[in-house]
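1. Give me the fold of what follows.
(one chain, ligands or ions: 1)
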Amino acid sequence: MSKVMIMDHPLIQHKIGIIRRQETGSKDFRQLISEIAMLMCYEATRDLKLTDVEIETPISKMTAKELAGKKLAVVPILRAGLGMVDGMLSMIPAAKVGHIGLYRNEETLEPIEYYCKLPKDCAEREVFVVDPMLATGGSATAAITMLKNKGVKKIRFMCIVAAPQGIERMQKEHPDVDLYVGALDDHLNENGYIVPGLGDAGDRIFGTK
Ligand code: URA
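-> A predicted model of the protein is given here:
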């Protein structure tokens, strides 16, 4: 069973409190999403492996540390996931970035792929899939299935606000994927919005409402 890590750092929680407010405008919303992603990335990378490396400082030789293991990639789910990319890259600047676009078939309600561009060597990378909102889990589970079909073996999922339904579906369909969550909310309403949530994250990031 995958782990669900609620990122309860006070700075993350404070900033989530601000983006939830309806009076927070797009400029601040976008900036805060980026800051939250940066802080969540810092917390979610705590367990990355280190290896010893021999270096020379201007004063002497020493054994320093560097990241070991798989290289990293960040894969935002379009469109709202884009808002988290800058913050992630400010912590892990060497990561490559892939993009996955999905829309929902209004009859079947199933997510349909309309865009997928991944780093060529994605199968050898550890991938962070990012989307600010985990609602039904339809897009997130589909995106992760797409990555697995491309050979990606190590995947983590990061969202800022999650609904219990989304967490449950992710754990059922992808029990090998750990979940990094800023806040776990109460439920989904009849329109698929997270309650209390923060509204439509994509519209608020890009000012399209
Ligand atoms: N996507 C959003 O942007 N907001 C929600 O509440 C649910 C899904």
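2. Need the pLDDT of residue 167.
-> Looking at residue 167, its pLDDT is 98.
3. shouldn't it be in contact with residue 180?
-> No - judged on CB atoms under 8 Å, residue 167 makes no contact with residue 180 at a distance of 11.5 Å. Bear in mind the C-beta positions are built from the backbone N, C-alpha and C, glycine included.
4. residue ranges for the helices of this structure, please.
-> With DSSP state H, the ranges of helices along the chain come out as 10-20, 26-44, 85-91, 138-149, 164-173, 201-206.
5. Can you say which of those helices is nearest to the ligand?
-> Closest of those to the ligand is helix 201-206, at 3.7 Å (criterion: CB to the nearest ligand atom).
6. what's the average pLDDT for that closest one?
-> pLDDT averaged over helix 201-206 gives 98.
7. Leaving out chain neighbours, which residue sits closest to the residue nearest to the spatial centre of the chain?
-> Nearest to the mean C-alpha position of the chain, counting by CA atoms, centre = their mean, stands residue 130 at 2.2 Å. Nearest non-adjacent residue to residue 130, counting by CB to CB, 6 or more residues apart in numbering: residue 84, 4.3 Å away.
8. now the one you found: how far from residue 128?
-> 9 Å (CB to CB, to the nearest Å).
9. residues shared between the contacts of these two?
-> Both residue 84 and residue 128 are contacted by 74, 158, under the criterion CB atoms under 8 Å, 6 or more residues apart in numbering.
10. neighbour-wise, which of those two wins?
-> residue 84 (28 against 25; other CB atoms under 10 Å).
11. what about the more buried one, distance to residue 190?
-> In this view, residue 84 and residue 190 are 27 Å apart by CB to CB.
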